[in-house]
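1. Okay, here's the prediction I keep looking at, along with the sequence it came from:
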Amino acid sequence: MRPLRLLTGLLLVLVMAALAVPVATQLGPGVLAVLAPQPVVAPPVTPAAQVPPTVVTVPDVVTPLSPSAPVPDPAVLGPELDAALQLPGTGTFAGTVVDSTDGTVLYARDAARLQAPASNIKLLTAVAAMTFGQPGQVLTTSVLAAESTPGALYLHGGGDVLLGSGPSDPDAVVGHAGLGTLAAEAAAALPGPGTYTVYLDDTLFVGATLNPTWAEGDVAAGEIAPVHSLAVNSAWLEEGRGGGPRSQDAALDAARGFSAALVASAADRGITVVPDVQRRAAPEDAERLAAVDSAPLEDQVRHMLETSDNYLAEALARIAAHGSGRPASSGGGTEAIAAAAVRTGVPGEGLLVGDAAGLSARNAVSPAQLAALMRGITTSERPGVAAVAGSLPIAGLTGTLATRFTAADGPAAAGAGTVRAKTGTLNAVTGLTGHVVTADGRLLVFSFLAAGLDGTTVEARAAADRAAAILAGCGCRRP
């Protein structure tokens, strides 16, 4: 029996071994897969070109336009624009569209009507700044001292109203030049211990600081303030904001801020600064002790157009007047603006410039004149003037157009990223003037101005946006 048991056991071992081979073959990889660490597999990545955009991006490459690009047919374009510019209730639009290349008028609706253009006047201000100034020009705020008046320091305003109260910020436009930096440099340049008095020299700008044609309500609301040749943050009391109340003496406030910064910078050198700051022009023998420079004039103009800064516009007009040989006054500024406009191709008949910001009730300009200005800008061979075209707000992206031409605006959204224009609104007026490249690659300039509005400002803005978006989508030719 023993041999039989051994034989039986041997047979069982052989059978089990035979079964183990296929079982191991089938189950082994699975067991090993469970026990062995698994390689990490990256999830599939959708190619960037297939990802739907969530925002409109500013193009960083601009290709030249073809002069043979198709021109919209006025017979097709006209009815579309007429329909877009219809307003419910009170108010009517005047407007025009012009081919930038050859000046052909493609659309005209009461285009010669003279009216208040609101902040569209800032286009003329920008052209004046770039006509009588240079793109890279800077405005210098300096500290002067004179042997004839020992112990006296003169803070001289050079027209920069975008000063910062602290250190200079070389990457900024507002605050590019800082009074804190100026004070530190002045303290380091002082010869030694002693008592000094700070005087404010803001004599660069002359004449009245307030335009007599401005409404008192606009001044009270902070739309504008007395204009001086130096100011912190466009005279807004809350630095870093672009609204709210403004200083009624921005230059004196800036000088007091400089004086306080000088005290902090010079205290460890035994230097005492008299706390009271008064106005006094620097004597003829005064020499520069320290200085800070503004952002280039071209950048200040761009900031003015993008944010529609009234105070900055008025300061830039006075700088333009000074550059043209005129007095750096309100009147000198308006004269310089009108002269620069005519030089850029604007018909002067009927043109009235009451201020640089667009708040004056005396301003009178037509859509045809604004379109002529835009054509002059887009065809100019003067680098500074030509740069104004690229300084306008971009629909749906920047400045005063950042929240317009969005998806919520329906048909107007077609102009996002393509329309570039200056906005403008007063109580009964709204306007949009700029340029746009059509879908066919043709550069058009346009101006749409509404007047007589009474509670329909929002509707008028939307109408102007729709009209500009139609231009962006042209086409506009017979099939």
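-> Structure's in. What do you need? Residues are numbered from 1 along each chain as shown.

2. Would you map the helices across the protein?
-> Under the criterion DSSP state H, the chain contains helices at 2-35, 74-84, 122-131, 179-189, 216-220, 250-266, 297-307, 310-323, 330-343, 367-379, 383-387, 457-473.

3. would JSON lines of those helices with distance to L153, mean pLDDT and mean neighbour count be doable?
-> Bear in mind the C-beta positions are built from the backbone N, C-alpha and C, glycine included. Shown next, in JSON lines, are the helices of the chain (distance: least, Cβ to Cβ, whole Å; pLDDT from 0 to 100; neighbours: other Cβ atoms under 10 Å):
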{"stretch": "helix 2-35", "distance to L153": "82", "mean pLDDT": "44", "mean neighbour count": "9"}
{"stretch": "helix 74-84", "distance to L153": "59", "mean pLDDT": "97", "mean neighbour count": "17"}
{"stretch": "helix 122-131", "distance to L153": "30", "mean pLDDT": "98", "mean neighbour count": "29"}
{"stretch": "helix 179-189", "distance to L153": "7", "mean pLDDT": "97", "mean neighbour count": "21"}
{"stretch": "helix 216-220", "distance to L153": "31", "mean pLDDT": "95", "mean neighbour count": "12"}
{"stretch": "helix 250-266", "distance to L153": "8", "mean pLDDT": "96", "mean neighbour count": "22"}
{"stretch": "helix 297-307", "distance to L153": "26", "mean pLDDT": "98", "mean neighbour count": "23"}
{"stretch": "helix 310-323", "distance to L153": "23", "mean pLDDT": "98", "mean neighbour count": "28"}
{"stretch": "helix 330-343", "distance to L153": "29", "mean pLDDT": "98", "mean neighbour count": "23"}
{"stretch": "helix 367-379", "distance to L153": "42", "mean pLDDT": "97", "mean neighbour count": "25"}
{"stretch": "helix 383-387", "distance to L153": "34", "mean pLDDT": "96", "mean neighbour count": "18"}
{"stretch": "helix 457-473", "distance to L153": "49", "mean pLDDT": "96", "mean neighbour count": "23"}
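
4. Tell me which of the ones you listed sits nearest to L230.
-> Ranking the helices of the chain by distance to L230, with Cβ to Cβ as the measure, places helix 250-266 first at 5.2 Å.

5. Go ahead and produce CSV holding the CA coordinates of that closest one.
-> Extracted as CSV, the C-alpha positions of helix 250-266 are listed here (Å, rounded to 0.1, in the frame of the first residue of the first chain):
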residue,chain,number,x,y,z
ALA,A,250,-3.1,120.9,-5.5
ALA,A,251,0.2,122.7,-5.9
LEU,A,252,0.3,123.9,-2.3
ASP,A,253,-0.7,120.4,-1.1
ALA,A,254,2.1,118.9,-3.1
ALA,A,255,4.6,121.4,-1.6
ARG,A,256,3.5,120.6,1.9
GLY,A,257,3.9,116.9,1.2
PHE,A,258,7.4,117.6,-0.1
SER,A,259,8.3,119.7,2.9
ALA,A,260,7.2,116.9,5.3
ALA,A,261,9.2,114.3,3.3
LEU,A,262,12.2,116.7,3.5
VAL,A,263,11.9,116.8,7.3
ALA,A,264,12.0,113.0,7.4
SER,A,265,14.9,112.7,5.0
ALA,A,266,17.1,115.5,6.6
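
6. tell me which strands and helices that helix is in contact with?
-> Judged by 3 or more Cβ pairs under 8 Å, 6 or more residues apart in numbering; DSSP states H and E, the packing partners of helix 250-266 are strand 152-156, helix 179-189, strand 194-201, strand 271-279.

7. picking that back up, how about TSV for the helices of the chain, with distance to S229 added?
-> Formatted as TSV, those follow (distance: least, Cβ to Cβ, whole Å):
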stretch	distance to S229
helix 2-35	80
helix 74-84	44
helix 122-131	15
helix 179-189	14
helix 216-220	19
helix 250-266	7
helix 297-307	14
helix 310-323	8
helix 330-343	13
helix 367-379	27
helix 383-387	21
helix 457-473	35
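
8. Out of those, which gets nearest to T197?
-> Closest among the helices of the chain, using Cβ to Cβ: helix 250-266, at 9.1 Å.

9. From G78, how far out is the spatially most central residue of the chain?
-> Taking Cα atoms, centre = their mean, the centroid of the chain lies closest to E306, which sits 2.5 Å from it. Going from E306 to G78 by Cβ to Cβ, to the nearest Å gives 32 Å.

10. before we move on, what about A372?
-> Distance from A372 to G78, by Cβ to Cβ: 20 Å.

11. Okay, domains of this structure per the record?
-> Structural domains annotated on the chain: 74-134+303-473, 140-295, as defined by automatic domain parsing.

12. could you dump the ones you listed to JSON lines with distance to L65?
-> What follows is those, written out as JSON lines (distance: least, Cβ to Cβ, whole Å):
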{"stretch": "domain 74-134+303-473", "distance to L65": "6"}
{"stretch": "domain 140-295", "distance to L65": "29"}
